[in-house]
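Colleague: whatever this is, show me its structure:
(chains A, B and C, ligands or ions: 2)
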Amino acid sequence: MKQVRVLFEPDGVVVEGQAGELLLDLALTAGLPLLSECGGQGTCGSCRVQVQSGRVRFLNRSGLEEQIAAPQEVLACQTAAAGDLVVHVPPETRLCPPDERITGYMGPEAAAFLRPGRTGFALGERTPVQLSPPSFDDPTPDWERLLEGLRQARYGRRNITANLDVLREIPPQLRALDFSVSATLVDEGCHHRLIALGQPEQEEALGLAVDIGTSNVKAELVQLRTGRVLAGAAQLNAQVRYGEDVISRIIWAQEHERGADELQDAVTSTVNSLIEELLQETGASQDQIIAVSCAGNATMISFRLGIPADAIRRAPHIAPVGLPPMISGAILGLQVHPQAAVFCLPAINGYVGGDITGGILATGLFEADSLTLLIDVGTNGEIVIGSKDWMVCCSCSAGPAFEGVGIECGLPARPGAIESLAYDPDQDRTTVRTIGDDPPVGLCGNGLVETLASLLDARVIDRVGNLVPDFPSPRMREANGEPQFVLLWREDTATAKDLVLRQGEIDNLLRAKAAVFAAVSTLLEELGLDIAQIDRLYLAGAFGSHLDVRTAVEIGLLPDLPAERVTVAGNTALVGAYITLLSSEAREQVSSLARATTYVDLSTASHFMEEFVAAQMLPHTDLERFPSLVSSEQGRAGGSSSNT
Amino acid sequence: MELELPIEQWSDSVSTVVLGATSEDGGTRTSTVTLGGAATLPFLDFEGEAPNPPVLAMEVLDTEPEGWPEPLAAPFGDVLGDPAAWAARCVEEFDADLICLKLIGADPLRRDASPDECAETVRKVLDAIGVPLIIWGCGDYDKDNEVIPVCSQVAAGERCLLGTAREDNYRTIAASALADGHLVIGESPLDISIQKQVNILLTEQGVPGDRIVMYQVTGAVGYGVEYAYSILERTRLAALTGDTMLGMPMVSIVGSEAWKAKEAWMEEPAWGSLERRGILWEAATAELFLLAGTDMVIFWHPEALKHTRWLAKDLSKS
Amino acid sequence: MALTAVEIYKFLPKTNCGDCGVATCLAFAMKLAQKQAALDECPHVTEEAKQELEGSAAPPMATVTVGRGERELKIGGETVLFRHDETFHNPCGLAVTLDTSLPDEQIQQRIEQLEAARYDRVGFMLGVDLIALQDGGDGRLAQGARLAGEHSSLPLVLMSTDAGAMKAALEVCADGRPLLCGATTDNIEAMLPLAKEYNCPLVLTADSLESLVPLSETAAEAGSDQLFLDTGAQEIGRIQSDQTIIRRMALNKKFRPLGFPTLVACSAADPTQQMLQACSAIAKYAGIVVVDVADDEYLLPLVTARMNIYTDPQKPIQVEPGIYPVGEPDEDSPVLITTNFSLTYYLVEGDTMASKVPAHILAVDTNGTSVMTAWAAGDLTAEVIAEHIEKFDIADKVSHKTLVLPGGVAVLQGKLEEEAGWEVKVGPRESSAIAQFFREQGWAAK
Ligand code: SF4
Ligand code: FES
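Modeller: Ligands and ions are numbered 1, 2, ... in the order given. Modelled structure (predicted):
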């Protein structure tokens, strides 16, 4: 079979496949799932892409091969590659529009769950059923008649159940609609539940994928039938005012009457306000949302469900529930269909939750052939190392600095957030690039990484992050006894205030990056592995895909791996939630991978503290661990390792 | 039968640091002291060279010590209130290789002595002795930043060892050392990474590796040796395996550390002779640190130094 | 080279069945790699895997037992050259000599002195481990052994090169499994059968490393593996070299003839010099150190140094939870709260001492973790502190009702005031600021 290479634009992803493979499948392999509303029948037209150049074969034109000269629109489900190709995927054909600020990377292994015929069941579905009306010859009762219809239409031998209030609606509805209805069912794992019956041409059923982070909550509204993402939104978790990290919140909940309730209310209100935002943007209605998939760490999920989370804090850090049983939306106070199914991605342990199992799923780490490392930098840092053979994870308390919490000028990634910054000491000038090119408001995670690197390079800070007091610029100043550096003067900011980075904030950033690096090193050491053995690194979490990997290595946030082995993966937790929303196979997969992943408690790993201290330098105390930086470093430091 | 000795091939050695400048080198010292240079783990002659024997220093305080137990104070007689006389006695009678002058009086919580007063003490002590001098600040960052530069100036050209530079205050001390031709002690709290960080910072500030001596806050037998011993040993191993940023010689304080231990000074008949206990505690502490890899030990009690001198000789016999 | 977790994993069944007590095969492999589990805890390993994993596991240095019963000593079995790599496992035994040619009552006195040489150190009793009976060549070794057995339960070292005297003594004390010290080139033919007959460990003594090897080989031919090695070194430099060479030969080169613990007998005439000899041997690898000095001031630093050297440098050490006085506190003195992690405690103690303000320090039981770690883990809570205040009767020690809380856990202030019914002041985050804090609060130095 002939090998072909396909380049997908504008993403610039190249995949290798074989002649005869459908563009629809090649796109999946590239991690770019396409809309395919008719399931690849060639009838809906939703999978339209543009072939720019190359040789293709058209299935619907009896296998005609054609050399494409001028760009041509084709149906991806009916077009196979016959040679190397360049294909342009228009935004409206994508399942997941690339809003990288909210969502993240989806590996081919994960995208495969979205392949027509492989998804199993979405968490919620609306299925049209055409029933034959009853007669003396066919006296089947209404419920059984409906069941039979559903089984034939889609559900085969699955158990189907219903609540009494839905059961009560069946006889009148069937008759009112002339036995032609659409049934809304949710997948509760061991069975499906019928939650509504309506007209055949009812509105689309929608699902919500949510990532409940300690600092930020992000959500996407998804068309369940097609998998199409309609809109996305992000907000600060309202729980932040009860404490910046999970530990302080658990303690707060314990020590205040109704504390747990307040925390639950806070996160509920955050999710609800996201829902509102999404509904407003899309014009959809609350009742349309029949399924919710949540990724979050164990503490967030516990708070979300109102389950006491104290056990997480105490060794051996047990999660109250790994995989919570399916719960209905109304009970949780969510503004969705009252009987909507809520699925939570499973936790491995109290400190490694559904956000990480979601990440393992999304990146495809669970099926990787070679050693893969997933680093998720949130308020907690979580690390997974493994491949299809085994997986190990750990967590460390990084603090929310890179999420912009606890840093006065810190921001989540949103318009106006600086994602790139360079300070030029000779001109005493700062150049920035902001998201959306809006006037600068503050710095997001990317911006903070670049700021550290730039200040170090300009010798505004020394290698342990101390601001250099006699640095010759008015930007270096002191306020309330604490040194600070003015990154942007007020006339250049949107807030009309000087944008400053304070010493304490730099210290927090250093600690955060040190914790992450130390966790990676310690876990590798526990396994007896060397960083060079890592074939692929996914950096998920607080950073957007614009993060410059070299800069992240320069400050020692990431281990020194060649940039081509690193993928900045964004919010893989949300991608995990998205996939599990759409695929029962993915839901099963995520449960089994959660069980197969081994948790290592760093507090019993003797070297973690030592690694942590050693990592609190830019980039690291042991420069030997950053061979790619050594040459440039020597040039700058004037031969820092002379010994005579 | 011939045993094939299990010799380790070390790739590097501890750097060599010379303290004190004689008139030839623009100073007024009558002798110098050389630290470091070892190419093997401590006292393993069969394996490699250790060209310089352990250096034994004595500590002199700029302020008359209060509450020193009798066995400690006795050998000094009436000189404890006079740093210059105290230093002279340490050299002439007690065989100290050099003197460590601790400016504890500068501490705002003690006498808050002025930088000029401290500098005056430094000058007097320098005049009283011919051996090299360590000038050790009071430990209060801000105050040390005022005091050390002035003291450094009056001692300019003498190739003194200035202490101590830590992560948060290394700049001033490094600048003084560079300006006045001195050396720097890089201090860290019993942590090999922080020690290395301090050394890197000093190096990036322009202080060359042969002008840095490392000091880890160690404690004494019973009070931290369980950690200190291994930290010193690991530091020496790092030096031998080519980590130049941990390749400097080390100094350990045993006098003040050992005499802090209640075993050294507390009345307790079950612990044996109070006369001897402090001395033994100090000597045992010094021995452990030397075996772990320190290059210079700073004593309080002359007899502890005397026993350690014997030890150093006995250690060179194999 | 020990196998890494990932290498071990390859030999396991990879079913994650959990029968070994941990959730996954990899978790089990990690435990094996850290020697925290034994291979037979997995019921499903194949024979081949067993062979591969256990093949080369014979320990490079023998573990030898001296004495019997409660005070018996296990010595040797060490696996590393540097304690930071793994920790030293079996503390070196401290033996003090007893000259059996002395009259009975003096022997008895000395035995009592050695039994009494016990020192309490934060809850641990430290002391002499063995009595080394020295044969004066006058046929009294057996009498010494008899007296030692009557007045002490300490294990014995029988120091004689005379096989006849040794046999006589063994008739008296062989039940206690004394250490025979020992066999030389001249008497090994007589000593080996004795050690065998009475089932006692034996020291091989030579005047150099080289001459030790044939002795050890002779012993091995006779089937002895309960041995100690003694090179007779006295100069501290030689003690260091000999001990290092033996340890390296045993561990790095797997040289069987030197794969035994060592004995160093210190005999410098000056007691301080002898203490320094012994201390150097404790630091570097001796299995048993024999000294003549028996005065407390010499033994105390030795047993303390030994405890230090044989403490795992990776593990935090703890102080007994409780209330400790610093300086001479009275009923007006402040009460500081900290944890029982020894470094944390000693820092607070040191800085309080330096402030010259007498104070009470309450070391709260946090399983030896620092303030912030304990707080995060839920081990340092208002309730826990309140319990300690009750338990250690703080109210009886001071007339005021004010506590000082570490600044890092200021959040506990309100809750603690409620729980304990005391006023709670928030102290500094770092102990180095304690003196300043005292001054600001008006607690005077004394
Ligand atoms: S018992 Fe054996 S097979 Fe089962 S999990 Fe443990 S190591 Fe794996
Ligand atoms: S036309 Fe419907 S998927 Fe291609």
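Colleague: in the stretch 301-446 of chain C, what residue is nearest ligand 1?
Modeller: C:Gln314 (25.9 Å; CB to the nearest ligand atom). In short, each C-beta sits where N, CA and C put it, glycine included.
Colleague: phi and psi next, for that residue.
Modeller: phi -80, psi -30 (degrees, to the nearest 10).
Colleague: so which helix or strand takes in the residue of chain A positioned farthest from its centre?
Modeller: Outermost residue of chain A with respect to the C-alpha centroid, by CA atoms, centre = their mean, is A:Phe136; its distance is 55.3 Å. Of the helices and strands defined by DSSP states H and E, none includes A:Phe136.
Colleague: where does the prediction get shaky in chain B?
Modeller: Along chain B, segments meeting pLDDT under 70 span B:1-2, B:318.
Colleague: center of it, which residue is that?
Modeller: B:Val251 (4.1 Å).
Colleague: now that residue: how far from chain C?
Modeller: 19 Å (CB to the nearest CB, to the nearest Å).
Colleague: same check on A:Gln202?
Modeller: A:Gln202 is 44 Å from chain C, by CB to the nearest CB.
Colleague: again, but for A:Ile251
Modeller: 7 Å.
Colleague: who's in contact with stretch C:132-149?
Modeller: C:95-101, C:104, C:107-108, C:111, C:131, C:154, C:156-162, C:165-166, C:168-169, C:171-173, C:176, C:178, C:181, C:265, C:290 (CB atoms under 8 Å, 6 or more residues apart in numbering or on different chains).
Colleague: list the buried residues in the lengthiest helix in chain B.
Modeller: Using DSSP state H to define each element, chain B has its longest helix at helix B:274-292. Residues of helix B:274-292 classed as buried: B:274, B:276-292 (neighbour count, 16 or more other CB atoms under 10 Å in any protein chain shown).
Colleague: that helix vs chain C: in contact?
Modeller: Yes - Helix B:274-292 lies within reach of chain C by CB under 8 Å from any CB of the partner chain, at B:276-277, B:279-281, B:283-284, B:287-288, B:291-292.
Colleague: summarise which helices and strands that helix is packed against.
Modeller: helix B:70-73, helix B:225-240, helix B:255-260, helix B:262-265, strand B:296-299, helix B:302-315, helix C:271-283, helix C:296-309 (3 or more CB pairs under 8 Å, 6 or more residues apart in numbering or on different chains; DSSP states H and E).
Colleague: each with direction, which strands does the fifth one pair with?
Modeller: In other words, strand B:296-299. strand B:55-61 (parallel), strand B:250-253 (parallel) (DSSP bridges).
Colleague: of all those strands, which one is nearest ligand 2?
Modeller: strand B:250-253 (72.3 Å).
Colleague: pick out the residue of the stretch 51-200 of chain B closest to ligand 2.
Modeller: For the stretch 51-200 of chain B, CB to the nearest ligand atom, closest residue to ligand 2: B:Ser193, 57.4 Å.
Colleague: how close does that residue sit to C:Glu349?
Modeller: 25 Å (CB to CB, to the nearest Å).
Colleague: surely A:Gly386 and A:Asp369 touch.
Modeller: No - applying CB atoms under 8 Å as the test, A:Gly386 and A:Asp369 come out as separate, 11.5 Å apart.
Colleague: those two: which is more packed in?
Modeller: Legend: neighbour count by other CB atoms under 10 Å in any protein chain shown for A:Gly386 and A:Asp369, higher for A:Gly386 (24 against 10).
Colleague: excluding its backbone neighbours, what's nearest the more buried one?
Modeller: A:Val392 (5.9 Å; CB to CB, 6 or more residues apart in numbering or on different chains).
Colleague: show me the contacts for that neighbour.
Modeller: A:Val392 neighbours (CB under 8 Å, 6+ apart): A:384-386, A:523, A:526-527, A:597-600, C:26, C:30.
Colleague: still on that earlier bit, tell me which of the helices and strands packed on helix B:274-292 sits most buried.
Modeller: strand B:296-299 (a mean of 28; mean count of other CB atoms under 10 Å in any protein chain shown).
Colleague: thinking again about what came up before, so of the contacts of A:Val392, which ones are in helices?
Modeller: Per DSSP H, the subset of the contacts of A:Val392 in helices is A:523, A:526-527, C:26, C:30.
Colleague: closest one of these to ligand 2?
Modeller: The closest of the ones in helices among the contacts of A:Val392, once distances to ligand 2 are taken by CB to the nearest ligand atom, is C:Leu26, at 41.4 Å.
Colleague: got a list of what the closest residue in space to that closest one that isn't next to it in sequence touches?
Modeller: Distance criterion CB to CB, 6+ apart; nearest residue to C:Leu26, sequence neighbours excluded, is A:Trp390 at 4.3 Å. By CB under 8 Å, 6+ apart, A:Trp390 lies in contact with A:596, A:598, C:6, C:9, C:14, C:24-26.
Colleague: restrict those to those near ligand 2?
Modeller: For ligand 2, no contacts are drawn from the contacts of A:Trp390 by CB under 6 Å from any ligand atom.
Colleague: now do the strands in the stretch 1-150 of chain B.
Modeller: Here the stretch 1-150 of chain B has its strands, by DSSP state E, counting those that start in this stretch, at B:16-19, B:33-36, B:55-61, B:98-102, B:133-136.
Colleague: need these in JSON lines with distance to A:Gln533, can you?
Modeller: Written out in JSON lines, the entries for the strands of the stretch 1-150 of chain B read as follows (distance: least, CB to CB, whole Å):
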{"stretch": "strand B:16-19", "distance to A:Gln533": "39"}
{"stretch": "strand B:33-36", "distance to A:Gln533": "37"}
{"stretch": "strand B:55-61", "distance to A:Gln533": "45"}
{"stretch": "strand B:98-102", "distance to A:Gln533": "48"}
{"stretch": "strand B:133-136", "distance to A:Gln533": "47"}
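Colleague: rewinding a little: closest to ligand 1 out of the strands paired with strand B:296-299?
Modeller: It is, among the strands paired with strand B:296-299 and with distance given as CB to the nearest ligand atom, strand B:250-253, at 45.6 Å.
Colleague: give the buried residues for stretch A:179-191.
Modeller: A:179, A:181-188.
Colleague: just the CA trace of it, in PDB.
Modeller: In PDB, the C-alpha atoms belonging to stretch A:179-191 read as follows (Å, rounded to 0.1, in the frame of the first residue of the first chain):
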ATOM      1  CA  PHE A 179     -46.700   7.700  17.900                       C
ATOM      2  CA  SER A 180     -43.900   9.600  16.200                       C
ATOM      3  CA  VAL A 181     -41.800  11.100  19.000                       C
ATOM      4  CA  SER A 182     -38.300  12.000  19.900                       C
ATOM      5  CA  ALA A 183     -37.000  10.400  23.100                       C
ATOM      6  CA  THR A 184     -34.400  12.000  25.300                       C
ATOM      7  CA  LEU A 185     -32.200   9.500  27.100                       C
ATOM      8  CA  VAL A 186     -29.100   9.700  29.300                       C
ATOM      9  CA  ASP A 187     -26.500   7.000  29.800                       C
ATOM     10  CA  GLU A 188     -26.100   6.200  33.400                       C
ATOM     11  CA  GLY A 189     -23.600   3.500  32.800                       C
ATOM     12  CA  CYS A 190     -25.500   0.300  33.700                       C
ATOM     13  CA  HIS A 191     -28.600   1.500  31.900                       C
END
